[in-house]
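K.L.:
With the sequence up front, the predicted model follows.
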Amino acid sequence: MAEGVLGGLIGGQDDEAQDPLERGAEADGQGLAAGMALDAARGDPLVARKAAKFLDRQSRLLDVQIEHTAAEHPLRMSHLRSQSREGNLRRVAQRIRIGMQVFTALILTAIGLGLGVMMHDAFNSRAVIVQSFDAPPALAARGLTGKVIAGGVLDALTRLQAATRSNTIKRNLSNAWTSDIRVAVPEAGVSIEDVDRLLKARFGHDIHIDGDLVETESGGLALSVRGDGVLPKTFVGGAGDLDKLTTQGAEYIYGQSQPSLYATYLYAQGRYAEAAAFDKATFSTVSGDDRSLILNSWANALTAAGGSAREGLTLYGEAVKIKPDFWVARGNIMNSQLNLADEEDAWRTGEAMRKAAGGRPGRSPETNYQNWDLITWNLLAWRAETIADAEAHAGIGTSTTSNGPAIADIDARLHDPIDAQWRLETTQADPNDPTVAAMTHFVRGRLAAEAGDARKAAAEMEAFGVSFTNPVVSINYGGYNCWIAPAEETAGQPDKADAALKAGGHFVDCYRFHGDILDHRGDWAAAQAAYASSVAIAPDLPAGYYSWGVALARHGDLAGAETRFAAANVRGPHWADPLKAWGDALAREGRWKQARGKYDAALKYAPAWTALRQARNAAARHGG
């Protein structure tokens with residue numbers, strides 16, 4: 001193969017050693033012009049020389065470009081870094097803008113929520129606000145400033161409300177100078193407190209009270225009170241009667257601003273006739289739910305003052321007509337029916353309330369089922385609701401009587417003497433509540449009877465009988481005096497037992513206890529008739545069936561006894577006593593496994609009953 005012309009001219013290399021220009025052309029890739037020059041140079045020496053010059057210039061140009069590129073590289077890198085920093089700054093700025101927008105939105109949302117809460121509070125505000133009273137300089141110099149006088153009225157109002165046992169919503173009590181913390185809004189020149197006050201003044205239902213205190217010509221004091229919807233009234237007393245006057249003024253304000261609660265307060269203070277008169281005078285001046293509340297209070301006061309239980313029942317019924325979901329009044333209807341010995345009707349009323357409330361638990365608070373739980377012997381539920389009511393209301397509860405002795409009564413029925421005694425010992429005496437002393441005697445009598453101390457049981461029950469003559473006791477514990485008779489009979493005092501039965505009336509307990517007494521005296525036929533009467537007057541209640549079953553078991557009729565116990569269990573499924581008596585009958589037949597099943601079921605409803613546990617263990621030892 002012949003060598004190329006350009007190769008020979010430049011260096012004379014052989015085929016193994018390539019021309020440097022070719023290496024440069026191939027290595028650097030000079031493009032189309034360089035390739036054409038090389039092709040032409042291979043056939044013409046002149047062209048080869050020109051091509052060599054061209055390529056030499058191109059080589060120098062490339063060197064300059066390389067130098068420029070090397071010099072520009074730091075500048076380019078710096079520019080790129082600058083652009084990156086600017087991008088980062090733009091991203092940071094964007095994030096800050098977004099963050100500020102979110103923060104602003106949160107602030108506006110918080111302000112909106114705050115205003116919403118303030119508006120809600122304003123629409124629902126029902127406070128009694130006691131503002132500073134007026135007082136002449138002479139009284140102010142003696143320390144009787146307007147602020148001090150208003151503070152005394154406020155304190156008296158607070159005491160009245162605290163002494164009122166009721167689950168009715170109470171108005172908040174405040175004075176006009178208690179909110180001293182202010183959050184100023186400089187642009188508007190007002191505070192959040194001012195905005196809140198303006199909203200409540202415009203949309204709320206607050207009652208503002210003020211008044212004045214002056215000296216009379218005789219040197220005494222005259223306190224005048226007035227307010228929104230409260231007609232002015234003046235109370236006059238001696239120079240040292242300021243506390244008495246502020247209490248009178250507070251009672252007047254309480255009665256005008258919260259009439260139903262004031263009526264309840266009067267009842268709790270034992271001022272029954274005064275409460276009934278207040279309710280009668282106030283009924284036509286109130287409207288809506290307040291009318292039903294006043295009717296309920298009126299019935300309570302009327303019966304406590306010795307009025308007719310049927311008249312009270314009528315008032316309770318009218319309250320429910322006005323407000324069908326007035327569960328307290330429905331419970332009071334049951335109580336009135338119990339007082340009238342209409343126990344079957346009371347059971348029906350309880351069933352109707354349960355259905356109206358949408359079942360149990362339902363819309364009615366559990367505490368309103370106390371009377372229904374009493375007659376059906378649903379003891380654990382009765383105990384739980386009474387304890388819950390007491391714990392939620394200063395340990396006393398919202399009933400017209402203290403809950404402490406009532407819980408002790410339930411514990412005695414549950415055969416738990418330890419807790420019953422503890423409840424009595426921790427119940428505070430209340431001079432305005434005669435049921436505390438009365439029920440203390442009753443529970444102690446029941447505990448003594450179960451312990452076998454007949455003499456003590458009779459003495460305690462006699463003391464209870466004396467207390468029972470008080471209408472406040474009898475209207476709250478209708479039929480409880482029937483329990484006096486068996487205590488007297490067991491103590492060997494049949495005449496007193498007969499007298500107690502005669503005074504007791506036509507209650508299920510009186511009939512079944514009469515059956516027990518007649519059987520004790522050997523008159524089995526008459527006893528059977530008494531048991532039958534206890535079932536006939538209230539066929540849906542369990543107590544008559546239970547006592548009849550116990551008597552049949554005493555006489556050896558175990559099959560008849562088990563039938564009665566089954567009937568009692570259907571009507572009082574949460575009562576342990578029929579289940580235990582049923583188990584006892586089965587044990588006497590040697591059916592230990594079935595007996596143990598009844599004992600186990602009974603323990604669910606009377607877990608502290610010692611005799612029940614002993615019977616259960618005996619059944620287990622016999623292979624139950």
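P.N.:
Looks like it arrived, so ask away.
K.L.:
For stretch 468-482, buried residues please.
P.N.:
Of all the residues in stretch 468-482, those buried under the rule 16 or more other C-beta atoms under 10 Å are 468, 470-482. In short, each C-beta sits where N, CA and C put it, glycine included.
K.L.:
cool, and stretch 384-402?
P.N.:
Glu385, Thr386, Ile387, Asp389, Ala390, Ile396, Gly397, Thr398, Ser399, Thr400, Thr401, Ser402.
K.L.:
Tell me which residues touch the fourth one, please.
P.N.:
For Asp389, the contacting residues are Thr367, Gly397, Thr398, Ser399, Asn403, taking C-beta atoms under 8 Å, 6 or more residues apart in numbering as the criterion.
K.L.:
can you put these in JSON lines and add pLDDT?
P.N.:
Shown next, in JSON lines, are the contacts of Asp389 (pLDDT from 0 to 100):
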{"residue": "Thr367", "pLDDT": "91"}
{"residue": "Gly397", "pLDDT": "75"}
{"residue": "Thr398", "pLDDT": "72"}
{"residue": "Ser399", "pLDDT": "75"}
{"residue": "Asn403", "pLDDT": "90"}
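K.L.:
Which ones among these map onto helices?
P.N.:
Asn403 (DSSP state H).
K.L.:
Could you check how far stretch 228-244 is from the centre of its chain?
P.N.:
38 Å (C-alpha atoms, centre = their mean, to the nearest Å).
K.L.:
do stretch 508-522 as well
P.N.:
That offset, for stretch 508-522, works out to 44 Å (C-alpha atoms, centre = their mean).
K.L.:
What are the contacting residues of that stretch?
P.N.:
343, 375, 479, 482-483, 485-486, 489, 494, 497, 501, 504, 524, 526-531, 533-534, 537-538, 541, 543-544, 546-548, 551, 554.
K.L.:
which parts of it are buried?
P.N.:
Buried-residue list, stretch 508-522, by 16+ other C-beta under 10 Å: 508-520.
K.L.:
buried sites along stretch 224-231?
P.N.:
Using 16+ other C-beta under 10 Å as the test for burial, stretch 224-231 gives Ser224, Val225, Gly227, Val230.
K.L.:
Please enumerate residues in contact with that stretch?
P.N.:
Contacts of stretch 224-231 (C-beta under 8 Å, 6+ apart): 153, 206-214, 232-235, 249, 252-253, 256-257.
K.L.:
Distance from the helix or strand where Asn617 lies to the middle of the chain?
P.N.:
Using DSSP states H and E, Asn617 maps to helix 610-621. Distance of helix 610-621 from the chain centroid (C-alpha atoms, centre = their mean) equals 40 Å.
K.L.:
Point out the other helices and strands that it packs with.
P.N.:
Helix 610-621 is packed against helix 576-588, helix 592-603, with contacts defined by 3 or more C-beta pairs under 8 Å, 6 or more residues apart in numbering; DSSP states H and E.
K.L.:
For these, state which one has the densest average packing.
P.N.:
Mean neighbours per residue, mean count of other C-beta atoms under 10 Å, is largest over the helices and strands packed on helix 610-621 for helix 576-588, with a mean of 24.
K.L.:
what pLDDT, on average, does that helix get?
P.N.:
The average of the pLDDT scores along helix 576-588 is 98.
K.L.:
Let me see the residues that make contact with it.
P.N.:
Against helix 576-588 from outside (C-beta under 8 Å, 6+ apart): 377, 379, 414-415, 542, 545-546, 549-550, 553, 558, 561-562, 565-566, 568-569, 572, 592, 594-599, 601-606, 609, 611-612, 615-616, 618-619, 622.
K.L.:
Please list only the buried members of those residues.
P.N.:
Using 16+ other C-beta under 10 Å, the buried ones in these are 377, 379, 414-415, 542, 545-546, 549-550, 553, 558, 561-562, 565, 568-569, 572, 592, 594-599, 601-603, 605-606, 609, 612, 615-616, 619.
K.L.:
what residues go with each domain of the chain?
P.N.:
Using automatic domain parsing, the domains assigned to the chain come out as 5-98, 128-257, 377-478.
K.L.:
Lowest average confidence across those domains, which one?
P.N.:
Mean pLDDT per stretch puts domain 5-98 lowest among the domains of the chain, at a mean of 61.
K.L.:
after the helix or strand where Thr440 lies comes which helix or strand?
P.N.:
Assessed by DSSP H and E, Thr440 sits inside helix 435-451. Using DSSP H and E, the helix or strand that follows helix 435-451 in sequence is helix 454-468.
K.L.:
For the residue lying closest to Ala346 once chain neighbours are set aside, give its distance to Gly478.
P.N.:
Among residues not flanking Ala346 along the chain, Gln337 sits closest, at 3.9 Å (C-beta to C-beta, 6 or more residues apart in numbering). Using C-beta to C-beta, to the nearest Å, Gln337 is found at 9 Å from Gly478.
K.L.:
Lys53 now?
P.N.:
135 Å.
K.L.:
Same question for Lys604.
P.N.:
Applying C-beta to C-beta to Lys604 and Gly478 gives a distance of 29 Å.
K.L.:
could you dump stretch 514-522 to CSV, C-alpha only?
P.N.:
What follows is stretch 514-522 as a C-alpha-only set of coordinates in CSV (Å, rounded to 0.1, in the frame of the first residue of the first chain):
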residue,chain,number,x,y,z
HIS,A,514,-99.5,-10.5,109.0
GLY,A,515,-99.3,-13.9,107.4
ASP,A,516,-96.0,-14.6,109.1
ILE,A,517,-97.5,-13.5,112.5
LEU,A,518,-100.6,-15.6,112.0
ASP,A,519,-98.5,-18.6,111.1
HIS,A,520,-96.4,-18.0,114.2
ARG,A,521,-99.5,-18.1,116.3
GLY,A,522,-100.6,-21.3,114.7
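K.L.:
hmm, back to that, for the contacts of Asp389, please prepare a markdown table with the additional fields distance to Tyr265.
P.N.:
Shown next, in a markdown table, are these (distance: C-beta to C-beta, whole Å):
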| residue | distance to Tyr265 |
| --- | --- |
| Thr367 | 20 |
| Gly397 | 16 |
| Thr398 | 13 |
| Ser399 | 15 |
| Asn403 | 18 |
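K.L.:
Looking at the contacts of Asp389, which is nearest Ala276?
P.N.:
Relative to Ala276, the closest of the contacts of Asp389 is Ser399; by C-beta to C-beta it sits at 18.8 Å.
K.L.:
so the closest one touches Arg165, yeah?
P.N.:
Yes - using C-beta atoms under 8 Å, Ser399 makes contact with Arg165 at a distance of 6.9 Å.
K.L.:
Mutual contacts of these two, please.
P.N.:
With C-beta under 8 Å, 6+ apart, Ser399 and Arg165 have no common neighbours.
K.L.:
what about the strands in the stretch 201-350 of the chain?
P.N.:
207-215, 221-227, 230-237 (DSSP state E, counting those that start in this stretch).
K.L.:
Which strands or helices does the longest one pack on?
P.N.:
The reference is to strand 207-215. Partner elements for strand 207-215 (3+ C-beta pairs under 8 Å, 6+ apart): strand 128-130, helix 137-141, helix 146-162, strand 221-227, strand 230-237, helix 242-257.
K.L.:
Single out the most deeply packed of the ones you listed.
P.N.:
Greatest burial across the helices and strands packed on strand 207-215, using mean count of other C-beta under 10 Å, falls to strand 128-130, with a mean of 27.
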